[in-house]
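Undergrad: here is my input, please return the structure:
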Amino acid sequence: MSDTQQGADWWLASDGKWYPPQQEQQQATYAPPAQGAMSPQPAYGHPQQAYGYQQGGRRVGKTRSPWGTWGLALITFGVYYAVWWYKVNEEVKGYDPSIDVKPGMATLALFVPVASIVTVVKTGERIGRVERAAGSHAPASGGLGFLFALLFAGHIIYYQTHLNQVWAQHGSPPEGSPV
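TA: Predicted coordinates for the structure are as follows:
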């Protein structure tokens with residue numbers, strides 16, 4: 001087929017298929033998986049997204065076990081918690097670049113008494129904002145996250161569960177998968 005048969009705005013992708021102009025951005029933002037990684041094709045004909053890949057202009061985060069995350073935070077005496085906190089804030093910013101957060105500062109705030117309360121509440125609000133952008137009708141609440149934080153660090157489970165729901169909409173693989 002030539003571009004005159006499809007129209008001047010259609011473009012030929014590397015897979016040999018012609019795409020209309022509205023699909024150009026979606027196709028152009030997809031990055032193929034690393035060599036040896038599997039990327040199954042869903043029924044819709046669009047490649048399934050893996051952690052860190054662009055989908056519709058959004059960076060998809062990593063699905064983690066909420067209870068596993070909570071357990072690792074306790075077992076490592078908070079070391080994994082700090083790493084997880086940084087990654088969560090980084091993933092939220094990657095998903096919605098309009099969210100103003102510096103993951104390093106949000107993590108450092110965990111170690112300052114009043115700032116730790118603020119970062120727990122603000123991160124919950126950021127997660128809620130990501131959920132609203134993804135179309136969720138029951139987004140996370142920073143206030144509720146703070147209350148869960150007072151109960152055996154339950155905010156870890158609460159926040160990771162909400163993030164997993166967003167990542168699942170984009171086909172993010174669970175933690176430990178080979179992608």
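Undergrad: where does the prediction get shaky in this structure?
TA: 1-57, 172-179 (pLDDT under 70).
Undergrad: how about the helices in it?
TA: 3-6, 24-29, 66-75, 79-95, 103-108, 113-133, 142-150, 155-169 (DSSP state H).
Undergrad: not counting residues beside it along the chain, what's closest to residue 118?
TA: Nearest non-adjacent residue to residue 118, counting by Cβ to Cβ, 6 or more residues apart in numbering: residue 109, 6.5 Å away. In short, each C-beta sits where N, CA and C put it, glycine included.
Undergrad: which residues touch that neighbour?
TA: 115-116, 118-119 (Cβ atoms under 8 Å, 6 or more residues apart in numbering).
Undergrad: got it, and residue 123?
TA: Contacts of residue 123 (Cβ under 8 Å, 6+ apart): 85, 88-89, 92, 101, 106, 142, 145, 159.
Undergrad: for residue 83, same thing?
TA: Taking Cβ under 8 Å, 6+ apart, one finds nothing in contact with residue 83.
Undergrad: the same query, at a cut-off of 10 Å, please.
TA: Applying Cβ atoms under 10 Å, 6 or more residues apart in numbering to residue 83 gives the contacts 72-73, 76, 107.
Undergrad: need those in JSON lines (columns: neighbour count).
TA: As requested, the contacts of residue 83 are arranged in JSON lines below (neighbours: other Cβ atoms under 10 Å):
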{"residue": "72", "neighbour count": "17"}
{"residue": "73", "neighbour count": "20"}
{"residue": "76", "neighbour count": "13"}
{"residue": "107", "neighbour count": "21"}
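Undergrad: tabulate the residues you listed (TSV), appending distance to residue 134.
TA: Listed next are the contacts of residue 83 as TSV, based on distance: Cβ to Cβ, whole Å:
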residue	distance to residue 134
72	26
73	25
76	30
107	24
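Undergrad: and which of the residues you listed is nearest residue 154?
TA: Distance to residue 154, by Cβ to Cβ, is smallest for residue 73 among those, at 11.1 Å.
Undergrad: distance of the residue nearest to the closest one when sequence neighbours are not counted relative to residue 148?
TA: Spatial nearest neighbour of residue 73, chain neighbours left out: residue 81 (3.7 Å); criterion: Cβ to Cβ, 6+ apart. Distance, residue 81 to residue 148, using Cβ to Cβ, to the nearest Å: 14 Å.
Undergrad: please report how far residue 120 lies from residue 141.
TA: 11 Å.
Undergrad: which neighbours do these two share?
TA: 147-148.
Undergrad: neighbour-wise, which of those two wins?
TA: Taking neighbours as other Cβ atoms under 10 Å, residue 120 and residue 141 compare with residue 120 leading, 24 against 17.
Undergrad: ok, that one to residue 158 distance?
TA: 11 Å.
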